[in-house]
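# Sharing a model prediction with you, sequence too.
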Amino acid sequence: MNILISGGAGFLGSHIVDRLVEKNHHIFVLDNLLTGDKTNINEHIESNNIEFLNHDVQNYIEVDEDLDVVMHLASAASPKAYTQFPINTLKAGSIGTINTLGLAKNKKAKYLLTSTSEIYGNPKESPQKETYWGNVNPIGPRSMYDEAKRFSEACVTSYNNIHNLNTRIVRLFNTYGPRMKLNDGRVVTNFIYQALKNENITVYGDGTQTRSFCFVTDTVEGIIKALDSNSGEVFNIGNSQEITVNQLAETIIKLTNSSSKIEYKELPIDDPLKRKPDITKARDLLDWQPNVGLEEGLQKTINWVNSQIN
């Protein structure tokens with residue numbers, strides 16, 4: 001198949017490219033490299049397995065070839081990145097979603113949107129099911145990301161309803177693994193970097209807030225299964241093993257044999273206190289569930305981070 005992936009040079013996008021190249025699909029990677037990194041996909045560019053298009057999704061997209069699939073991943077995704085680029089984040093979720101939907105409509109292609117657990121905000125129910133509407137501050141410090149993704153979901157739903165476009169939405173929970181940026185403020189890479197340097201590990205709040213971490217290969221497999229399915233649904237894709245931020249820090253200290261101590265700082269505004277996906281729907285309809293245990297995935301990520309700083 002001919003598949004276009006916006007944001008395909010990013011952390012998650014590049015792993016999806018790896019998986020689809022294995023399946024012998026022809027891939028068009030569309031990325032403006034605002035937060036992506038071309039080195040993530042250089043191997044595929046050099047071997048002519050993909051075509052790279054340096055392009056911003058907020059601008060009109062023109063592709064001469066036929067397309068079977070359009071996957072819209074393009075967006076700043078870490079708090080540091082979307083705080084630094086709030087307007088670009090909003091445009092990627094709004095104009096970018098409409099442009100990629102228009103492309104899929106024109107090409108009669110299947111469409112997949114990667115949304116986020118952030119659309120649930122600071123949830124009042126746990127675990128979060130796809131039917132939960134969320135508890136989101138529309139003008140808060142995370143709103144440029146939360147609301148862009150909520151709007152993008154509304155766009156996808158409208159194109160499905162009005163134009164009968166073959167769509168699906170995956171709401172991704174915390175994903176981690178090799179190729180994450182080391183300086184974008186995400187908790188896993190922050191903790192690993194600090195532990196490897198034997199620096200104090202910075203925990204915001206009292207550390208009792210929970211997260212659910214899914215290794216990147218599991219997340220990719222869930223996305224591919226949603227793409228391949230005949231179900232135009234919304235799916236939570238994540239790991240339902242819920243741990244506290246303190247437990248994450250302690251596990252990383254143990255795995256790195258670090259002398260780091262935990263240092264507590266003030267919790268940022270609107271930082272969610274709970275994150276745990278209900279993945280019943282993905283398990284039942286997609287026959288998907290994560291397989292990589294937390295310690296196994298963290299060790300692979302630790303090895304990669306170590307290779308980047310040494």
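That came in fine, so what should we check first?

# Neighbours of Glu22, how many?
9 (other CB atoms under 10 Å). C-betas here are computed from N, CA, C, even on glycine.

# How about Asp206?
Asp206 has 11 neighbours, counted by other CB under 10 Å.

# Can I take it that it is in a strand?
No: per DSSP: H, G, I helix; E, B strand; the rest coil, Asp206 lies outside any strand segment and is coil.

# Could you find the closest non-adjacent residue to it?
Nearest non-adjacent residue to Asp206, counting by CB to CB, 6 or more residues apart in numbering: Tyr264, 6.6 Å away.

# partners of that neighbour in the sheet?
Val203 (DSSP bridges).

# Helix or strand for Arg171, just tell me which one.
strand 167-172 (DSSP states H and E).

# in whichever helix in the chain runs longest, what's buried?
Taking DSSP state H as the criterion, the chain has its longest helix at helix 143-163. Buried residues in helix 143-163, counted by 16 or more other CB atoms under 10 Å: 143-153, 155-156, 159-160.

# ditto for stretch 2-21
2-18, 20-21.

# now, which of the residues you listed lie within helices?
Using DSSP H, the buried residues of stretch 2-21 in helices are 11-18, 20-21.

# Widest-spaced pair of these?
Greatest spacing in these, by CB to CB: Phe11 and Val21 (16.6 Å).

# What ranges does the stretch 1-150 of the chain have for its helices?
11-22, 42-46, 79-84, 86-93, 95-107, 143-163 (DSSP state H, counting those that start in this stretch).

# Which positions in the fourth one come out as buried?
I take that to be helix 86-93. 86, 88-93.

# beta partners for Gly121?
Beta-bridge partners of Gly121, counted by DSSP bridges, are Asn135.

# Tell me the pLDDT of the residue of the chain positioned farthest from its centre.
Ranked by distance from the centre of the chain (CA atoms, centre = their mean), the top residue is Ser259, with 31.1 Å. Note for Ser259: predicted pLDDT of 96.

# quick one: it from Lys38, how far?
Distance, Ser259 to Lys38, by CB to CB, to the nearest Å: 37 Å.

# Who are the contact partners of the closest residue to His26 other than its chain neighbours?
Spatial nearest neighbour of His26, chain neighbours left out: Asn2 (5.0 Å); criterion: CB to CB, 6+ apart. If you count contacts by CB atoms under 8 Å, 6 or more residues apart in numbering, Asn2 has them with 25-26, 28, 65-69.

# ok, which stretches of the stretch 201-310 of the chain are helices?
Along the stretch 201-310 of the chain, counting by DSSP H, counting those that start in this stretch, helices occupy 216-228, 245-256, 280-286, 294-309.

# Asn183: which of the ones you listed is closest?
The minimum distance between Asn183 and the helices of the stretch 201-310 of the chain falls on helix 294-309, with 10.8 Å, by CB to CB.

# That's all I had, so thanks and see you.
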